[in-house]
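> I'd like to go over a predicted model; first the sequence, then the structure.
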Amino acid sequence: MAESTPTVTLTIEEKKAAARERARQARAAHEAGRDAGLLQVSDAAVAYIRESAHRTGHQPAVRLRILAGGCSGLEYKLDLLAPGDTAGPLDREVDTNGVRVLMDLKSAIHVTGSVIDYESGLLRRGFRITNPNATGTCSCGDSFSA
């Protein structure tokens, strides 16, 4: 049985204040050149990204986006970067173990402090993101609320 994160009830004002603080921290880190501490990628996720990139001819890099959707309101989307794809002027870039993760500011705000992991088991195979900013998640872990 899959675990789900218990839902924390916050007022809309508390959610807005938390989002503003995360945005402030993300901007300050970017301006200070400290985007590397924005999130972590586990060794298992790095190995899977490198293997997939090698197999498909892509870069050992991913773009992480947060989109509206999923059963909890927001969902994670990870895509390998095609050859020649580069960071845009508004992108945040994290380099961990030789794997680059690109994300826009909105996504960076939502995932600050998160860990991207990869698991391969009998019931689930794929990325799992542990996000300290999520106030709730669905049972599969593919979507969250903030």
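Perfect, thanks for sending it.
> can we go C-alpha only for contacts and neighbour counts from here?
Fine.
> flag the shaky bits of this protein, pLDDT-wise.
Along the chain, segments meeting pLDDT under 70 span 1-8, 10, 23, 26-27, 29-37, 70-72, 136-146.
> if we use 80, what do you get?
Confidence mapping of the chain against pLDDT under 80 gives the ranges 1-12, 14-38, 69-73, 133-146.
> what's the longest helix in the chain?
In the chain, assigned by DSSP state H, the helix with the most residues is helix 12-31.
> please save the CA atoms from that helix in CSV.
Taking Å, rounded to 0.1, in the frame of the first residue of the first chain, the C-alpha atoms of helix 12-31 are listed here in CSV:
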residue,chain,number,x,y,z
ILE,A,12,-5.0,31.0,2.0
GLU,A,13,-3.0,33.8,3.7
GLU,A,14,-0.5,31.3,5.2
LYS,A,15,-0.1,29.6,1.8
LYS,A,16,0.5,33.0,0.1
ALA,A,17,3.0,34.0,2.7
ALA,A,18,4.9,30.7,2.4
ALA,A,19,5.0,31.1,-1.4
ARG,A,20,6.2,34.6,-1.2
GLU,A,21,9.0,33.5,1.2
ARG,A,22,10.0,30.6,-1.1
ALA,A,23,10.1,33.1,-4.1
ARG,A,24,12.2,35.5,-2.1
GLN,A,25,14.7,32.7,-1.1
ALA,A,26,14.8,31.4,-4.7
ARG,A,27,15.5,34.9,-6.1
ALA,A,28,18.2,35.6,-3.5
ALA,A,29,19.9,32.2,-4.2
HIS,A,30,19.8,32.8,-7.9
GLU,A,31,21.2,36.4,-7.6
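> could you list every helix and strand in contact with that helix?
helix 105-111 (3 or more C-alpha pairs under 8 Å, 6 or more residues apart in numbering; DSSP states H and E).
> what element comes up after the helix it packs on heading to the C-terminus?
For helix 105-111, the following helix or strand on the C-terminal side (DSSP states H and E) is strand 114-120.
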